Structures are given as structure tokens and as C-alpha cells.
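Peer 1: mind looking at a prediction? Sequence and model below.
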Amino acid sequence: MSNNRSGSFLGGLLVGTAIGTLTGILLAPRTGRETRQFLKKSADALPELAEDLSSSVQLQADRLSESALRNWDGTLVRLREAIAAGLEATQQEHQALETAETGRSPELDAPAHDNLL
């Protein structure tokens, strides 16, 4: 079944191409010589066009890269802050649990020089 569909599609594609080509030749506003000259000029301009396009794409890629780096730096800063906050909360919770288990403050059990930090 799929071979039949692909065969029909290819047949339609070939018929459409032939009709389009014939219509283009019959209704062309220029002579064959003028059309060939136009195509040659267009082909000669392609390298310059490709270079301009390449420059434009490179410029856009650079902008995107700079934007991604700024976003990444901001994400890293927020991640470091979140990790620091998480560590602090963990230490506070650990101290609260020790206090609840022993009924005393862990600071009272620590040597005096540890409290200076």
C-alpha cells in the first residue's frame, strides 16, 4: 500500500514539474538569452550573498552565546546562594535536633574557642 502511495506521489511530482517547466518557458517575460544573463549575474552574486549570510549568522550566534553566558552566570550565582542557604538551614536543624535530644544547647557543650568562629 505504501509503495502505491509513493508511486502516485512521485508520478504527480513529475507531472507537476513538467507542467510548471512548460508554463514557465511559454510565459517567460524575457528571451532565453536574457534569462541566461540574469541567471549568470545571480550566480555571480551568490558568493557575496553567502558571505553576508554567514556574517549575519555568526553575529547572531555570538549574541546568543553572550546571552547564554550571562544567563548561566546568573544561574550559578542563584545556585550557590541556594546551596549556602540549604547548608545553613541544615546546620540550624541539626542544632535544633541536638537541643531537643539532650535538652541542652549544643553551644554550652562546645569548647569556648569554637564559639569565636
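Peer 2: Everything's here; your move. Numbering: from 1, shown residues only.
Peer 1: please, which helix or strand holds the residue nearest the centre of the chain?
Peer 2: Centroid-nearest residue in the chain, with Cα atoms, centre = their mean: residue 64, separated by 8.2 Å. Take DSSP states H and E as the rule and residue 64 turns out to sit in helix 32-102.
Peer 1: what's that helix packed up against?
Peer 2: Identification of packing neighbours for helix 32-102 by 3 or more Cβ pairs under 8 Å, 6 or more residues apart in numbering; DSSP states H and E yields helix 106-109. The C-beta positions use only the backbone N, C-alpha and C, and glycine is treated the same way.
Peer 1: where does pLDDT dip in this structure?
Peer 2: 1-3, 104-117 (pLDDT under 70).
Peer 1: please redo it, this time with the cut-off set to 50
Peer 2: Applying pLDDT under 50 to the chain flags the ranges 1, 113, 115-117.
Peer 1: look up how far residue 71 lies from the residue nearest to the centre of the chain.
Peer 2: 10 Å (Cβ to Cβ, to the nearest Å).
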